[in-house]
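Undergrad: sequence first, predicted coordinates after that:
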Amino acid sequence: MIQHCVYCAIPSSADPVERDSVFQALAAIMPLVDGFESFAYGPNRDYQNKSAGYTWGFVATFRDRAALAAYDAHPAHRAAGGRLVALCDGGGDGIMVFDLETP
């Protein structure tokens, strides 16, 4: 199983309707990709003061690496990902991805 963890530096000035629309567009890919098992998003509360600047994020769960690759290549992911990059401070540099593989 792979937990695809994505941390985003979305400024408070970003349009909240567009922000939520992007996350919903990513979630909507779930039934289109075999092995895309779950999706959750929300604001970073940073209770331990370890991730300043990353204000929002999401975690998508995939059955295996092949499912993650299919998601990555999907045109709907490419479109929503472009919108997400446009929302972040620094564009693509305002996004950190951590793919956690678990047994």
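TA: Right, received. Where do you want to start?
Undergrad: please make it C-alpha for all contacts and neighbour counts, starting now.
TA: Noted.
Undergrad: not counting sequence-adjacent ones, nearest residue to Arg65?
TA: Distances taken as C-alpha to C-alpha, 6 or more residues apart in numbering put Ile2 closest to Arg65, at 7.0 Å, once the chain neighbours are dropped.
Undergrad: show me the contacts for the one you found.
TA: In this structure, Ile2 makes contact with Thr61, Phe62, Arg63, Asp64, Arg65, Leu68, Asp99, Leu100, Glu101, Thr102, judged by C-alpha atoms under 8 Å, 6 or more residues apart in numbering.
Undergrad: please redo it, this time with the cut-off set to 7 Å
TA: Ile2 makes contact with Thr61, Phe62, Arg63, Asp64, Arg65, Asp99, Leu100, Glu101, Thr102 under the criterion C-alpha atoms under 7 Å, 6 or more residues apart in numbering.
Undergrad: next step: those residues restricted to helices.
TA: Judged by DSSP state H, helices contain the following of these: Arg65.
Undergrad: most surrounded residue in the contacts of Ile2?
TA: If you count neighbours using other C-alpha atoms under 10 Å, the busiest of the contacts of Ile2 is Phe62, which has 24 neighbours.
Undergrad: distance-wise, check Phe39 relative to Lys50.
TA: 23 Å (C-alpha to C-alpha, to the nearest Å).
Undergrad: an error on my part: the question was meant for Leu100.
TA: Look at Leu100 and Lys50: by C-alpha to C-alpha, they are 18 Å apart.
Undergrad: how about Ser13?
TA: Shown here: Ser13 relative to Lys50, a distance of 22 Å by C-alpha to C-alpha.
Undergrad: Ala40 - that's part of a strand, no?
TA: Yes - according to DSSP: H, G, I helix; E, B strand; the rest coil, the state of Ala40 is that of a strand.
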